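Participant: give the three-dimensional model of this entry:
(2 chains)
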There are 2 protein chains.
Amino acid sequence: MSLDQLKNYRQEIHNHLTTQLLPFWENRCVDKDNGGFITHFDNAGNDSGADEKSLIAQTRTVYTFSSAHRAGYGDGRYAAIASHGVDFLIDKMWDNENGGFYWLMDRKGNVKIDEKIVYGHSFAIYSLAEYTLATGDPRGLEYAEKVFDLLQKYGADTYYGGYFEMFHKNWELKGKGPAGGDRKTLDAHMHLMEAFTTLYEASQKQVHKRKLLEIIQLLINKIMHPQYKTGIPQFWADWTVAPQIKFDIIWGWDRFTEDGLKSSAEDNTSYGHNVEFAWLLMHALDIAGVPYDAYHDQLLASYNHAVENGIDWEYGGVYVEGSHAGEVYDREKEFWQQAEVIIGMLDAYRVYGDEKYLKAYDATHRFVFDHMIHSEVGEWLPLLTRQGEPIWKHMSHSWKVNYHSVRSMVQGIVRLDKLIATA
Amino acid sequence: MSLDQLKNYRQEIHNHLTTQLLPFWENRCVDKDNGGFITHFDNAGNDSGADEKSLIAQTRTVYTFSSAHRAGYGDGRYAAIASHGVDFLIDKMWDNENGGFYWLMDRKGNVKIDEKIVYGHSFAIYSLAEYTLATGDPRGLEYAEKVFDLLQKYGADTYYGGYFEMFHKNWELKGKGPAGGDRKTLDAHMHLMEAFTTLYEASQKQVHKRKLLEIIQLLINKIMHPQYKTGIPQFWADWTVAPQIKFDIIWGWDRFTEDGLKSSAEDNTSYGHNVEFAWLLMHALDIAGVPYDAYHDQLLASYNHAVENGIDWEYGGVYVEGSHAGEVYDREKEFWQQAEVIIGMLDAYRVYGDEKYLKAYDATHRFVFDHMIHSEVGEWLPLLTRQGEPIWKHMSHSWKVNYHSVRSMVQGIVRLDKLIATA
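Facilitator: Down below sits the predicted model:
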C-alpha cells in the first residue's frame, strides 16, 4: 500500500468527518427546549418527530461529542454539547430512588420504560468516563462509577461468572425467555469490556482493571466459539449456548422469524461484531498494560474469519452475518459493521502487517464512501442491498445515532496517522 | 430416644445457658470506658489484658447478644448490650473513607490492622442483620447492606465465581501466597452463606436471596470434595485445590508445620466444619424457601462423614480433623466443633430420623458437659485432649469468644423443643 493511498483515505475521512458528519449532529441534535438530544432524523435530515429519548442514543451522543472533543475537533463546542447531554442524563434519566438510568423517556423527560438494561448501562459507563477524560468534569466519572457499582451488585453472577442483563426498575432480575432474565449475551459483555476499558482509563482503580480482565477471559473462554473463536450471540446462565431469540427490550433491528427466533438460531455469528471485538480487545489490553502475546490466536481468528468469509470482494463492504464455519447467511450491508471493520482492519494491518487486511479495509472504505454515506445530508444510510442500493433510508433513530459512524471516522484517522508515520 | 432424655438435655442446656454462659458475658464484656467489648479472659474469667479488639470478636459478641435477645433471653438487657457493640462497630471500626470494617483495633479504638478481610466481613453482615431482626434498630441492616455491596464490588470474581478474600485498606486485592490474594477458602464462603441467609431474612431483597443461592451452588459444586462431599479448605482462584497454608491474617489457632503448611495440606477436612456447613445449609434453604430435595445427598454425606469417622465413641466428642476418606489425623477436642455438632446432629435427627444422629449428639453433648464446660467460671475450655484433659485453658480470646458456645446452646434448645413437641 502506498503512502499516497493512506493519505488519500485519511483526507477522504477527515473531509467527511469535519464537513458532513460532525456538522450534521452539531446542527440538529441539541434539544434546547427539553434538554438532551433529538436523535430521530429522516432521509432528508429532518426531525422525524419520534417522541422518545433512549438511554442508548443519549449516552452514545455524549460519547460522540466527548470523544470528538478529546480527539481535537470542535474548538470546545463539542465539550459544551456533551455537557448538555450529561445534564439530561443526570437530571432526567437517573433513577434517584433505585440508582441506574431508565431505558426510555419521551422528549420532555417523562419515563416511558423504567427498566434497567445492562446493555444501556454499558454505554452509560463508556460515555460518562469518556466525557470526564475529554472535559475534566468529574460528574462523568462519578456516575460511571455508580453504574459500575450497581452492575457488580445486581448484575454479576457469582456462581457462573459474567452478568445478568435484564432488570426491573428496582434492579430485581426479570423473568425467563423474551424477558431475558435467564440469558447472557455476547453483545452486553463485549460492550461491558469496552466500557470497563474507558472506565479504568479514567479512574486508574485496581478494581476496574480487575473486572476488565475478568470479562476479557469470559469473552474469550466462554463466549467465543471453541473451534472458530467467533462470537456466539446468546447463552443460558451457565454459558451453554442458547438459541438466539428476540427480547422484549431491543436495541437494534435484527431480523427474526415470526416466532422470534433467528433463522439459524444456534449457528450464527456477525463478521462485523467479531472484528469490533478484536479491535476493542486490543484497545483494552493497551489500556490495561497487558501485552497481546496470549491473545494472538483469538485476534487473528476474529480478523481472519471476517476477511475470509465476510468481506464482499465483488461489491465491497462486509456482510451482515453467517455461520461460525463461514458460510454467509445475509449479504446485505448494514452501517455499523462497515464502521467497525474500518477501524479493525487498520489495527490488524498495523499489528500483523498482512496486506490482506488493507485490501479488506479498502473494500469496506470504498463501499461506505461510494454507497453508504448520504453526502448531501451528512450521515450514513442504515441498510443497503449487497450491491449498494438503499433499503432503510432514515439518517438516525434510537439505535443508530452517531456512535459507530463518528467513532469509525475519528479512530480511523488515529490509525491511519500511525500507519502514515511509519510508512 | 425417650422424651425424658430429650427433656434432660434441654434442662441441662438451659441451665448452662442462663446461669453460666450468658451471665459470664453479661458480667464482664462491656467496655464502659472505651466502648465495644472486652473479649480476652483467662481461665479464672479475669480480663487477661490483651490490648486488642478484633472484628471477629466484636461482631460475634453483637451476634451473641442479639440472637439471645431474639430467642427471648435477658429481658431486654441483651438488646442494650448488642446496641452498645454496634455503636463501637459503626463509630470506631468503620472506615469512613473506603468503607468496610478494620480488622483489628486496640481497646481504645485505634486501628492496629487496617486491612479488609472478607471472613471478618461475613460476621459483620451476620451480626448486624441479626441485630436488626432482634431489636428493630435499622442501623444493623443498613451497615450489613453496605458491607454486602462492598463485597459484591470488590470481592466477587466475575470470571470464576465466588469471592476473593484478602484486601488492603482501600479494598485493593492483596498479593499471593500468605497474603492470600490468590486464594479462596471454604471458611469464608461458608460464613458468607451464613451471613447472606440472615441478611436475606432481614431484608427480603431479591438480590440477597440470589447471591445466597449462588454461593450455595459454589459450596456444593466447587468447594466440597467431588467424591466424599467433604469440605476442602483452600483453592486457587479457578477452584482447583490449593495446598492448605497459613495466611498472614489468621482467625483461628490451626496448627501448621514450621514452613506454614498443614501436615496433610491437600487431604484435610474438618468433621465439625462439615456438620456446621450442613445445618447452616438447611437453615439457608429454610429462609430462602427452597425444599431440601436436591440437597439430600450433600446433607447426608456431611452428617454421615462426621458420624462415621469424627465422633469419638469411646471418650465422646468430635475430633479436630482427618482425611476426606475418613482417617482421623488429629484426635484432640476443640470447642467449636463440639458446638456445631450439637446443633447439626439435632437437625440431622429431626429430618432423617436415624437414631445414630442422636447417639452422636449424646456423645458430643456429654463430652461438652462433662469435660469442656468450665462450670465454676461459665465458659468452655478451648482445647482438650482426646480423653478430656485441658490443653489450652483460657476462657476467651479474639478468635474464641462466644459465638459458637452461646449459639450452640440457644439453637440446641430450639431444636430440642421441636423434637419434644413431636415426640
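Participant: what about stretch A:286-298, start to end distance?
Facilitator: Terminal residues of stretch A:286-298 are spaced 16 Å apart (C-alpha to C-alpha, to the nearest Å).
Participant: touching chain B at all, that stretch?
Facilitator: No. Using C-beta under 8 Å from any C-beta of the partner chain, stretch A:286-298 stays clear of chain B, coming no nearer than 14.4 Å. C-beta here means a position set from N, CA and C on the backbone, and glycine is covered the same way.
Participant: what's next to that stretch, contact-wise?
Facilitator: A:197-198, A:200-201, A:209, A:212-213, A:220, A:224, A:229, A:278, A:281-282, A:285, A:299, A:351 (C-beta atoms under 8 Å, 6 or more residues apart in numbering or on different chains).
Participant: show me where chain A has its strands.
Facilitator: A:53-54, A:104-105, A:111-113, A:116-117, A:166-167, A:183-185, A:234-236, A:321-322, A:328-330, A:333-334, A:383-384, A:390-392 (DSSP state E).
Participant: out of the ones you listed, nearest to B:V401?
Facilitator: Among the strands of chain A, strand A:166-167 comes nearest to B:V401, with 40.0 Å by C-beta to C-beta.
Participant: interface residues of chain A facing chain B?
Facilitator: Residues of chain A lying near chain B (C-beta under 8 Å from any C-beta): A:148-149, A:152-154, A:156-163, A:171-173, A:206-207, A:210-211, A:214-215, A:217-218.
Participant: mind listing what's buried along stretch A:219-233?
Facilitator: A:L219, A:I220, A:K222, A:I223, A:M224, A:H225, A:Y228, A:K229, A:T230, A:G231, A:I232, A:P233 (16 or more other C-beta atoms under 10 Å in any protein chain shown).
Participant: I'd guessed the first one sits against A:E194; true?
Facilitator: No. In this structure, A:L219 sits apart from A:E194 without contact. The criterion is C-beta atoms under 8 Å, and the distance is 10.8 Å.
Participant: contacting residues around the residue in the stretch 1-150 of chain A that chain B sits nearest to?
Facilitator: For the stretch 1-150 of chain A and chain B, the shortest gap (C-beta to the nearest C-beta) falls at A:D149, measuring 5.4 Å. Going by C-beta under 8 Å, 6+ apart, A:D149 touches B:D149, B:K153.
Participant: same check, this time on A:L192
Facilitator: Applying C-beta under 8 Å, 6+ apart, the residues near A:L192 are A:V118, A:S122, A:I125, A:L151, A:Y163, A:I215.
Participant: let's see 6 Å
Facilitator: A:S122, A:I215 (C-beta atoms under 6 Å, 6 or more residues apart in numbering or on different chains).
Participant: give me the distance between it and B:V410.
Facilitator: Counting by C-beta to C-beta, to the nearest Å, the separation of A:L192 from B:V410 is 45 Å.
Participant: likewise A:D187?
Facilitator: 51 Å.
Participant: mind listing residues that contact the longest helix belonging to chain A?
Facilitator: Longest helix of chain A, by residue count under DSSP state H: helix A:403-422. Applying C-beta under 6 Å, 6+ apart, the external contacts of helix A:403-422 come out as A:6, A:9-10, A:13, A:17, A:21, A:60, A:63-64, A:67, A:71, A:336, A:339, A:342-343, A:346, A:380.
Participant: which parts of the stretch 51-200 of chain A are helices?
Facilitator: A:55-70, A:77-88, A:118-135, A:138-150, A:186-203 (DSSP state H, counting those that start in this stretch).
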